[in-house]
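K.L.:
Here is my input; please provide its structure:
(2 chains)
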There are 2 protein chains.
Amino acid sequence: MLKINPNYKRLKESYLFSEIARRVAEYSGEHPEETIIRMGIGDVSLPLCPAVIEEMQTAVREMGQAETFHGYGPEQGYDFLRRGILGYYGEFGVELEADEIFVSDGAKSDLGNILDLFSAENRVFIPDPVYPVYVDTNIMDGREVVFLPARQENGFLPMPPADTAPADIIYLCSPNNPTGAVYSREQLETWVDYAKSHHSLILFDAAYEAFISDDSPRSIYEIQGAKECAIEFCSFSKTAGFTGTRCGYTVVPKALQFDGAQLNHMWLRRQTTKFNGVSYVVQRAAMGVFTPEGRRQTKENIAYYKQNAKCMTDTLDKLGIWYTGGKNSPYVWLRCPDDMDSWKFFDLLLRQIQVVGTPGEGFGACGEGYFRFSAFSSRADTEEAMDRLYRLFK
Amino acid sequence: MLKINPNYKRLKESYLFSEIARRVAEYSGEHPEETIIRMGIGDVSLPLCPAVIEEMQTAVREMGQAETFHGYGPEQGYDFLRRGILGYYGEFGVELEADEIFVSDGAKSDLGNILDLFSAENRVFIPDPVYPVYVDTNIMDGREVVFLPARQENGFLPMPPADTAPADIIYLCSPNNPTGAVYSREQLETWVDYAKSHHSLILFDAAYEAFISDDSPRSIYEIQGAKECAIEFCSFSKTAGFTGTRCGYTVVPKALQFDGAQLNHMWLRRQTTKFNGVSYVVQRAAMGVFTPEGRRQTKENIAYYKQNAKCMTDTLDKLGIWYTGGKNSPYVWLRCPDDMDSWKFFDLLLRQIQVVGTPGEGFGACGEGYFRFSAFSSRADTEEAMDRLYRLFK
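P.N.:
Residues are numbered from 1 along each chain as shown, chains lettered A, B, ... in the order given. Okay, here's the model as predicted:
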């Protein structure tokens, strides 16, 4: 008789985005004349840049001709793309080897699948509020999760807790989703020291690194010793608008030795057994990001979103509303005015000014009382939404 | 201190294809003047058909324009493709609902990932010889694997064993990789009855169904009651040459209820948590397979490979060498002449006639003494290889 994985019964259903959709639909039904502006989405709005499109078109043509057709590729990604990623890391002074890079269909897949390598006995630190995938994937395996509270007092950047037993696995996301907060070099040094002294592994989510424009670390490997204690996840989704194109990469340094095993070797075994590599056409698209034109064009797109973020933070500054993020991140995380709870603030914005954001409570208990705006909408929508917000609270 | 998944230490390294490559390289080094014909690969050689290329080109253009750009899509696949797959199943009389179909980046990923849903306590039946992924993915989870011997006596089609305790999970692959053997309707009915009476789950790998041209079942769901006991995995890899394009689909009927859980709901939860859907461009490519032109063109390609298979089976018939497969499958599984072992036969073909195939032993203990040829090479190479084989053994 088939026995299911009992941990699935411990998962909570996530109602965040379905509840948002429900409330928006209800309001729209009552007020069909109103134009609602969506400032909550984590999806991009700008199309793929021309350099990426050009590479894809070439690759599609190749796939139609026997002489240039590509069948099964290497599970860990084509050399041309791994070399492109190596060069990109070189821009911020990180040296890696090609076989430390694994190309995948996105950071979400790898963040979930990496847990295959680890025992269910490990204890896990996860910041709260957080990208829900970290929590759910560990519940699916039955691991003990300890939340690290991220609050206004610590700038939404939790540090190693003095009063809690150490964790074996530590999630860090910088720039953070949902808060947009970014760890400094000194803070990451403290985390690396902590991980090394406890033989813990850091899972570092760098999906938003391309939004960093000051000297905050863009990779955990900018920190000395990190190659012995950290795996890094990155993605073309936000760097180059690949949310619907699907490509990311995970760095598993060969120096990662735990419990008698080399994690790089284990991950290669996992990927060659349960994965067949990313579509050739998509890998060529990703390669387009690393051409000189692709680098310039993707930087322009990121600058566009960051200008949206600046429009939001300027408005919040004028209104005296506390926030974090927005400077090195596409997300602005604000404190709901008048100590409103997140869903009350959500309803207020929806009903008074027809602007939709994301209630912080949906990302974890410590998100209560906070609210996320995303900079991925169009300029016009962002400006209009901020204008309405200013008029409501001024 | 991080503890690794201890089951990884129980995995055997697969030396099959690296050992083949080593022996071929050694021989080529000694005899650079010889032309080696590769009849061992499971990869396709014909390019993507024009109907698929056309859809992809349109989709790439769409991704470059804001008005037609696609960001995050549904994790379980776009409706247009799920409807196409529904229609395809209709061709062989199987009715499914759209939300029973999950589009993925390939059958290999889903065959591995589906095991997330099941307890490590389950006992597993796996035919021997077999696609190595079934075995390794279960070892990674620590499940007990019981091999079902596939031999000449049972036509390489093992049936439920009378003398062994029942399994909770049963792998069936038809048309089989590596043997090319195909289960009949009656045989699959026996398996479905067995699974239902023991509350077992069949994992049915139908990756090669498009090669069936007689009335053997192309889907397990052609068998009454299968929706209550079977998950089916399928792929565009061999149907339409998508080995490097990466798209497949898994059918999880809503009637699958085990241990108080609906497997369809669990798989949806797994996929929405650990997967972000298949690239829009690739899903459009897959949709191209279901246009009238795409159906005609992919059928032509399959006919081409089947003609290669016929060239092989005609030669073996003339030589009086026993084989299975080749009729409803791109693989021909032959008994090595003169009771040679598989690797001795491999060396003989390599050194005497410069033809490379795959030793059956590499697919499991019961594969010893057998050998796999693939029909995915070009017509010219296939004819030349069979000509050399005929002259060697006539």
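K.L.:
got the buried residues for stretch A:3-12?
P.N.:
Within stretch A:3-12, the residues that qualify as buried by neighbour count (16 or more other CB atoms under 10 Å in any protein chain shown) are A:K3, A:I4, A:N5, A:N7, A:Y8, A:L11. Quick note: C-beta positions are derived from backbone N, CA and C, even for glycine.
K.L.:
count of neighbours near the closest residue to chain B within the stretch 51-200 of chain A?
P.N.:
When scored by CB to the nearest CB, the stretch 51-200 of chain A has A:G112 as its residue closest to chain B, at 3.1 Å. Counted by other CB atoms under 10 Å in any protein chain shown, the residues lying close to A:G112 total 23.
K.L.:
My guess is it contacts B:K274. True?
P.N.:
Yes. Proximity of A:G112 to B:K274 meets the contact threshold set by CB atoms under 8 Å, at 3.1 Å.
K.L.:
ok so, going back, hang on, the residue of the stretch 51-200 of chain A closest to chain B is in a helix, isn't it?
P.N.:
Yes. Secondary structure assignment (DSSP: H, G, I helix; E, B strand; the rest coil) places A:G112 inside a helix.
K.L.:
check contacts around it.
P.N.:
Neighbour list for A:G112: A:V133, A:T137, B:T273, B:K274, B:F275 [criterion: CB atoms under 8 Å, 6 or more residues apart in numbering or on different chains].
K.L.:
And those residues, which is closest to A:E368?
P.N.:
A:V133 (20.2 Å; CB to CB).
K.L.:
Report the secondary structure element holding that closest one.
P.N.:
Element membership of A:V133, judged by DSSP states H and E, is helix A:132-141.
K.L.:
Name the next helix or strand downstream of that helix, please.
P.N.:
The first helix or strand that comes after helix A:132-141 along the chain, using DSSP H and E, is strand A:144-149.
K.L.:
so what does that next one touch, helix or strand wise?
P.N.:
strand A:123-128, helix A:132-141 (3 or more CB pairs under 8 Å, 6 or more residues apart in numbering or on different chains; DSSP states H and E).
K.L.:
Restricting to C-alpha, output it in CSV.
P.N.:
Backbone C-alpha positions of strand A:144-149 (Å, rounded to 0.1, in the frame of the first residue of the first chain) are rendered in CSV as follows:
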residue,chain,number,x,y,z
GLU,A,144,13.1,21.8,12.0
VAL,A,145,12.8,25.5,11.0
VAL,A,146,13.8,28.3,13.3
PHE,A,147,12.8,31.7,12.2
LEU,A,148,15.2,34.7,12.6
PRO,A,149,13.0,37.8,13.2
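K.L.:
Can you add distance to chain B and give the helices and strands packed on strand A:144-149 back as a markdown table?
P.N.:
Output for those, formatted as a markdown table (distance: least, CB to the nearest CB, whole Å):
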| stretch | distance to chain B |
| --- | --- |
| strand A:123-128 | 10 |
| helix A:132-141 | 5 |
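K.L.:
dump the residue contacts of A:V332.
P.N.:
Listed by CB under 8 Å, 6+ apart, the contact set of A:V332 reads A:180, A:309, A:312-313, A:316, A:323-326, A:372-375.
K.L.:
same thing but 10 Å
P.N.:
Residues counted as contacts of A:V332 (CB atoms under 10 Å, 6 or more residues apart in numbering or on different chains) are A:39, A:178-180, A:308-313, A:315-316, A:321, A:323-326, A:357, A:371-375.
K.L.:
go on, A:E383?
P.N.:
Contact partners of A:E383, counting by CB under 10 Å, 6+ apart, are A:I37, A:N308, A:C311, A:M312, A:T315, A:S377.
K.L.:
now do A:F258
P.N.:
Each residue near A:F258 by CB under 10 Å, 6+ apart is listed here: A:117-118, A:168, A:199-201, A:228-229, A:266, B:1-4.
K.L.:
tell me the helices in the stretch 101-250 of chain A, going along the chain?
P.N.:
Chain-ordered helices for the stretch 101-250 of chain A, with DSSP state H, counting those that start in this stretch as the definition, fall at A:107-113, A:132-141, A:185-198, A:236-240.
K.L.:
quick one, the second one and strand A:123-128 angle?
P.N.:
Orientation of helix A:132-141 against strand A:123-128 (axes from the mean of the first three to the mean of the last three CA atoms, to 10 degrees) gives an angle of 150 degrees.
K.L.:
Could I get the CA-only coordinates of helix A:132-141 as PDB?
P.N.:
Coordinates of each C-alpha in helix A:132-141 appear next as PDB, following Å, rounded to 0.1, in the frame of the first residue of the first chain:
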ATOM      1  CA  PRO A 132       7.800  31.300   1.200                       C
ATOM      2  CA  VAL A 133       9.700  28.700  -0.800                       C
ATOM      3  CA  TYR A 134      12.500  28.400   1.800                       C
ATOM      4  CA  VAL A 135      10.000  27.400   4.500                       C
ATOM      5  CA  ASP A 136       7.800  25.100   2.400                       C
ATOM      6  CA  THR A 137      10.600  23.100   0.900                       C
ATOM      7  CA  ASN A 138      12.000  22.400   4.300                       C
ATOM      8  CA  ILE A 139       8.600  21.400   5.700                       C
ATOM      9  CA  MET A 140       8.300  18.900   2.800                       C
ATOM     10  CA  ASP A 141      11.400  17.200   4.100                       C
END
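K.L.:
moving C-terminal of the helix or strand harbouring A:G288, what's the next helix or strand?
P.N.:
Using DSSP H and E, the secondary-structure element containing A:G288 is helix A:280-289. Under the assignment DSSP H and E, the closest C-terminal helix or strand after helix A:280-289 is helix A:292-319.
K.L.:
so how many other residues sit close to the closest residue to A:F236 other than its chain neighbours?
P.N.:
Counting by CB to CB, 6 or more residues apart in numbering or on different chains, A:F236 lies nearest to A:F242, which is 3.8 Å off, once chain neighbours are set aside. Applying other CB under 10 Å, we find 25 residues neighbouring A:F242.
K.L.:
A:F242 touches A:G294, doesn't it?
P.N.:
No. In this structure, A:F242 sits apart from A:G294 without contact. The criterion is CB atoms under 10 Å, and the distance is 11.9 Å.
K.L.:
joint contacts of these two?
P.N.:
Overlap between the contact sets of A:F242 and A:G294, as judged by CB under 10 Å, 6+ apart, is given by A:L48, A:V52, A:A285, A:A286.
K.L.:
ok but the second one is inside a helix, no?
P.N.:
In this case it means A:V52. Yes. Assessed by three-state DSSP, A:V52 belongs to a helix.
K.L.:
and the residue nearest to it when sequence neighbours are not counted, what is it in contact with?
P.N.:
For A:V52, ignoring the flanking residues on the chain, the nearest one in space by CB to CB, 6+ apart is A:G288 at 3.8 Å. For A:G288, the set of contacting residues under the criterion of CB under 10 Å, 6+ apart consists of A:48-59, A:84, A:236, A:240, A:294-295, A:297-298.
K.L.:
do the same with A:V192
P.N.:
Here A:V192 is in contact with A:I202, A:F204, A:I220, A:Y221, A:I223, A:Q224, A:G225, A:A226, A:K227, A:E228, A:C229, A:A230 (CB under 10 Å, 6+ apart).
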